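> show me the folded form of this:
(2 chains)
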There are 2 protein chains.
Amino acid sequence: MSDAFLTQLSFLLDPSSVLTGPSDRAGYQGDFALPRGRKFIAVARPKTTEDVSNVVKLCHSHGVVITPRGGGTGLAGGATPIDGRPGIVLSFERLNRVRSVDSVGATMIVEAGVTLHAAQAVAREAGFLLGIEHGGAGSSQIGGNFATNAGGNNVLRYGMARDQALGLEGVLADGTLVDLLQPLRKNNAGYDLKHLLIGSEGTLGLITAISLKLRPLPVRRATAFVSVATLNQVLLMLELLQRSLGECLSAFELIAKSGLDVHFAHAKGGFSPIGSEAPWYLLIEADTAASQYDVEASLSALLGKAIEENLITDGTIAQSEQHRSEFWRIREGVADATIATAAAVKSDTAVAINAIPEFIERATKAVLAIAPECRPVPFGHVGDGNIHFNVFPPTAAHLESFLAVRSQVAAVIEDIAIEMGGTISAEHGIGVLKRDSLSRMRPPPQLHLMRQIKAVFDPGNILNPGKIL
Amino acid sequence: MSDAFLTQLSFLLDPSSVLTGPSDRAGYQGDFALPRGRKFIAVARPKTTEDVSNVVKLCHSHGVVITPRGGGTGLAGGATPIDGRPGIVLSFERLNRVRSVDSVGATMIVEAGVTLHAAQAVAREAGFLLGIEHGGAGSSQIGGNFATNAGGNNVLRYGMARDQALGLEGVLADGTLVDLLQPLRKNNAGYDLKHLLIGSEGTLGLITAISLKLRPLPVRRATAFVSVATLNQVLLMLELLQRSLGECLSAFELIAKSGLDVHFAHAKGGFSPIGSEAPWYLLIEADTAASQYDVEASLSALLGKAIEENLITDGTIAQSEQHRSEFWRIREGVADATIATAAAVKSDTAVAINAIPEFIERATKAVLAIAPECRPVPFGHVGDGNIHFNVFPPTAAHLESFLAVRSQVAAVIEDIAIEMGGTISAEHGIGVLKRDSLSRMRPPPQLHLMRQIKAVFDPGNILNPGKIL
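Numbering: from 1, shown residues only, chains lettered A, B, ... in the order given. Sure, this is the predicted structure:
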């Protein structure tokens, strides 16, 4: 079978678009979290939506399963082939044109394989902002961002990836094209298939292009680094800023003192922008497209007020672009240290914003009860409730004993998040790695609906099989 | 059958919650656009979600169909019973509690029967804004707003109703409760059932409560009325304001000169806020929660710039709240005149923003070719492409001849919108009245998916049967 299939696949696409050699396939075996899965026959790299449709039709008729692949920066194993049947990896890297930019309508249409970084740059050149920013920006692709409904640092202002989509183009399991690309800001004509495909991790259809909603490009910006004594004060600070700065607040990131420590240890150096020590730090950013609004003066006045009212213990505003980069490098440095520490427990938990203090306190107590020497590093996006409650192993002396209870530590964090009505899959998706946990977040009737929806869209289960459900 | 059913229904709810007399049922027969449909057995008015679930279970087991009803302000016949089987109207008017308001998380949970007006007031009292505003605010209910994914005047800033939903609670066709209420700003745990239920007009499930995302309450505001010579300049003005005011631009409404005329005729008086005549007028509003940002000075400077650059011919900024109300009364007056003129063709067309001038020009030519004496009154939300291309009949002398071609006039407007990749159901939904047009906007594979999704959610077709599909 696979020979006939491969011949036809090579006939559909040009030869350079089909990779079959082991070394060629090596770069397509998984994502950041699950780098290697099952064997697959070939990598198909279509250049047009029509090519995608033809490849899917071919797979459909041969019963060949498809693992779609964007930049491979996922953190749930979504791009890792795991089905036992013959399969291909469908990589979108060559489907990477910017189809159009509309500066009057503030929209642009880009294909799935355009990197987030490139899409951001095109938007910026046209005088707009694309409201998605996260650690994987450099190599993650637009298609993957929407297939997983990516989150990131600016969700409190612009929402998730799905909130940037005015329309999409996709290919269904039988190769049928779904054209929902019109960049209409209002369209109540029947069920919203767009939102169903977004976040379905390639299991209901393959996203080939997106109509993006662009935002006004900020022209004034202020970035602050502040220290805070308690988590309740962190929330009061968030409330103060949201009420006083309105939509201008674009980032409000929490870093624990332990986060600074692991970052400095991993980076072999560095220092806090704030002299005095505190258990919590915040990276705050506000910006505006309104050139007449002095957002820096506003933020500065608000920091003064916050110090007066004992909401924060100290704070500083970046005085230059370089200074600002240093603040952000600290935030990204904590993420880097986490990814680089294989033994660290990584979580993608979110709770309602007002439940953050209780969540962090309970989770901290619980993990220390299991592994007294470990280092909890809660970290992330307070403005949208998404605290990655990560846990670093203790120093080498106690590593063994930590590894013995590592899965218990991971489980107790999830237990608490779920008990508190939260999620353990806030922005990274379900993929393979969270599949067994899905039933802890979704009761049987919802899972039943999801399975039936999957059966409607992909009765042969050839689209990213084994993911989500 | 219906006696046994009624007995059980009255047993489930208290007696005052079931209306069966003809006069009691009179107020529940339809909506603004289709005030009367088929007969129905009773009106059920549950007070709790559990009641809703029990009523639906009873209907499910008896094969009784359900027409859900909010405020009855719809414009597509969505709340009008039209199925031939025995049925009830399920009114949400008594399911009307505000369950919680969270000022830290900027969310609130309200039940379906809370009026939009009341929900706006609760948000305001807590120091927030609910980002939905439209003509039906007084009596339309939150449940209906989300069942139809309502649009309105502030979509360019806050998005559609669905963009205000962090979560929802609903009841499926067999009475199963779907609890997706947690107000999580990030949750990528499986398919997005919330967005599927929103906008499904009660055909996939009944929305019983919504977790609303609240916005910072504006504390400074500026409202302008300006005159413009051409539609291209209208778009350039939109671009200028969006780039310069950022997210502060909250309304950008187009009124044709003919709109002022029909409003003044209907209101028996009134005058334009601008002395000089022009073919087009814009009602522009900008506001901000940032108390330090003088948005009025900004808008005033931008109007000056726009006059200098010949984008607008004249403009004035409201000097008082009363002055502002007068501007808005003109805009609402055009809508009132349209609704009050039975013979007027009303449309709910939207196209991509940059296609608005071409759309209006083509539609104007086309309707005048069919009915040379008619008065085209294109009108609405430029900022989101939703131009209601309404057409008023000529004066009494030519009314007969207009009525003879009225349906042709309506059809040609739809033809042009669809030909241009637009929609004819931008914000009012499909209901009954647009059902036959759905296939003009959605190709067969999409309709097929929708039908299969409906079959998954409601195999017995008892939830608002005959609507959308």
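> hey, let's count contacts and neighbours off CA atoms from now on
Noted.
> pull the contacting residues for the spatially most central residue of chain A.
Closest residue to the average C-alpha location of chain A: residue A:150 at 3.7 Å, with Cα atoms, centre = their mean. Residues near residue A:150 by Cα atoms under 8 Å, 6 or more residues apart in numbering or on different chains: A:160-162, A:427-428.
> skipping adjacent residues, who's closest to the residue of the stretch 51-200 of chain A found nearest chain B in space?
Here the stretch 51-200 of chain A gets closest to chain B at one residue, residue A:187, 4.2 Å apart by Cα to the nearest Cα. Computed as Cα to Cα, 6 or more residues apart in numbering or on different chains, the closest residue to residue A:187 that is not its neighbour in sequence is residue B:426, at 4.2 Å.
> what helix or strand is residue A:416 on?
helix A:399-419 (DSSP states H and E).
> one more: residue A:208?
Assigned by DSSP H and E, residue A:208 belongs to strand A:206-213.
> can I get the CA coordinates of that strand in CSV?
Extracted in CSV, the C-alpha atoms of strand A:206-213 (Å, rounded to 0.1, in the frame of the first residue of the first chain):
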residue,chain,number,x,y,z
LEU,A,206,-6.6,21.5,8.9
ILE,A,207,-6.4,25.3,9.0
THR,A,208,-4.7,26.6,5.8
ALA,A,209,-5.2,30.3,6.2
ILE,A,210,-6.5,32.9,8.6
SER,A,211,-8.0,36.4,8.3
LEU,A,212,-6.5,38.3,11.1
LYS,A,213,-7.9,41.2,13.0
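> next one: it to chain centre, how far?
When distances are taken as Cα atoms, centre = their mean, to the nearest Å, strand A:206-213 is centred 17 Å away from the chain's centroid.
> can you list phi and psi of the closest residue to residue A:34 other than its chain neighbours for me?
Using Cα to Cα, 6+ apart and skipping residues adjacent in sequence, the residue nearest residue A:34 is residue A:77, 4.9 Å away. In this entry, residue A:77 is assigned phi and psi values of phi 80, psi 20 (degrees, to the nearest 10).
> residue A:77 contacts residue A:31, correct?
Yes. Using Cα atoms under 8 Å, residue A:77 is in contact with residue A:31, at 5.8 Å.
> residue A:44 and residue A:94: what is the separation?
Residue A:44 sits 10 Å away from residue A:94, going by Cα to Cα, to the nearest Å.
> if you could redo that for residue A:203, that was the one I meant.
Distance of residue A:203 to residue A:94, computed by Cα to Cα: 21 Å.
> neighbour count: the two, which is higher?
residue A:203 (29 against 16; other Cα atoms under 10 Å in any protein chain shown).
> roughly how far apart are the more buried one and chain B?
Separation of residue A:203 from chain B (Cα to the nearest Cα, to the nearest Å): 10 Å.
> surely residue A:239 and residue B:104 touch.
Yes. Assessed by Cα under 8 Å, residue A:239 is found in contact with residue B:104 at 5.6 Å.
> thinking again about what came up before, residue A:77 and residue A:31: which has the busier surroundings?
More crowded of residue A:77 and residue A:31, by other Cα under 10 Å: residue A:77, with 26 against 23.
> report how many residues lie close to the one residue in the stretch 351-469 of chain A that gets nearest to chain B.
Chain B sits closest to residue A:426 of the stretch 351-469 of chain A, with a gap of 4.1 Å, by Cα to the nearest Cα. By the criterion of other Cα under 10 Å, residue A:426 has 27 neighbours.
> that one should be in a helix, yeah?
No. Secondary structure of residue A:426 (DSSP: H, G, I helix; E, B strand; the rest coil): coil, not part of a helix.
> could you list the contact residues of the stretch 351-469 of chain A toward chain B?
A:351-354, A:384-386, A:421-430, A:438, A:441-442, A:445-446, A:449-450, A:452-453, A:456-457, A:468 (Cα under 8 Å from any Cα of the partner chain).
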